[in-house]
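# no sequence on this one, just coordinates:
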């Protein structure tokens, strides 16, 4: 899919899949708003795009905060005069075995991975309707959306062995 001469927000654009998609979109002629929680890596992605001759801007965002997502959407539209694409990509994991989780860890993961996608869809759809130009909403995930990651605890076996 080509997005030449369009404007795209890439959440989680500072690293991993988001960085790769940001670079690819820019290579195709898209103006990219790199939206990431991590300012350092987000700005690195913007610099990589600019060095390659593309056009990009950075906006720090916590996608689990609807107001911040709305601010990124407004930033993209006001910076480039339109908004054509959102690539919802920002995500996180717990980083520990299930039995070591806390309700706070669970809430952080779902706030980013679930709420963040919904907030991106809602904020962008509203802005696209306001602008009257339609657009494209892309939601993505890593392979972890389709399979579990075995992170066994050193103190507890995954299953009891019978003797």
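Alright, I've got the coordinates. None of the values given here were measured: they were computed from a predicted structure. Residues are numbered from 1 along each chain as shown.

# Poorly predicted segments of the chain, please.
Along the chain, the parts satisfying pLDDT under 70 run over 1, 142-163.

# all helices of it, in order?
16-27, 39-51, 66-80, 103-110, 116-131 (DSSP state H).

# The third one to helix 116-131, inter-axis angle?
I take that to be helix 66-80. Orientation check (axes from the mean of the first three to the mean of the last three C-alpha atoms, to 10 degrees): helix 66-80 against helix 116-131 gives 40 degrees.

# now the shortest one
Regarding helix 103-110 and helix 116-131, their directions subtend 40 degrees when assessed with the same axes, to 10 degrees.

# buried residues in helix 103-110?
105, 109 (16 or more other C-beta atoms under 10 Å). Bear in mind the C-beta positions are built from the backbone N, C-alpha and C, glycine included.

# can you list contacts of that helix?
64, 92-94, 96 (C-beta atoms under 8 Å, 6 or more residues apart in numbering).

# same thing but 10 Å
Residues outside helix 103-110 that contact it (C-beta atoms under 10 Å, 6 or more residues apart in numbering) are 64, 91-96, 98, 101-102, 115-116.

# For ChimeraX, what selects the buried ones among these?
Buried subset of these, written as a ChimeraX selection, criterion 16+ other C-beta under 10 Å:
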select :64,91,92,115,116
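
# Could you dump the contacts of helix 103-110 into CSV and include distance to residue 46?
Formatted as CSV, the contacts of helix 103-110 follow (distance: C-beta to C-beta, whole Å):
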residue, distance to residue 46
64, 22
91, 20
92, 21
93, 25
94, 29
95, 27
96, 32
98, 37
101, 34
102, 35
115, 25
116, 21
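
# of all the contacts of helix 103-110, which comes closest to residue 6?
residue 116 (22.2 Å; C-beta to C-beta).

# what about residue 30, distance to residue 132?
Separation of residue 30 from residue 132 (C-beta to C-beta, to the nearest Å): 20 Å.

# Of the helices of the chain, flag the one that's most buried.
helix 16-27 (a mean of 20; mean count of other C-beta atoms under 10 Å).

# That helix packs against which elements?
When contacts are defined as 3 or more C-beta pairs under 10 Å, 6 or more residues apart in numbering; DSSP states H and E, helix 16-27 packs onto strand 7-11, strand 31-36, helix 39-51, strand 56-60, strand 85-88.
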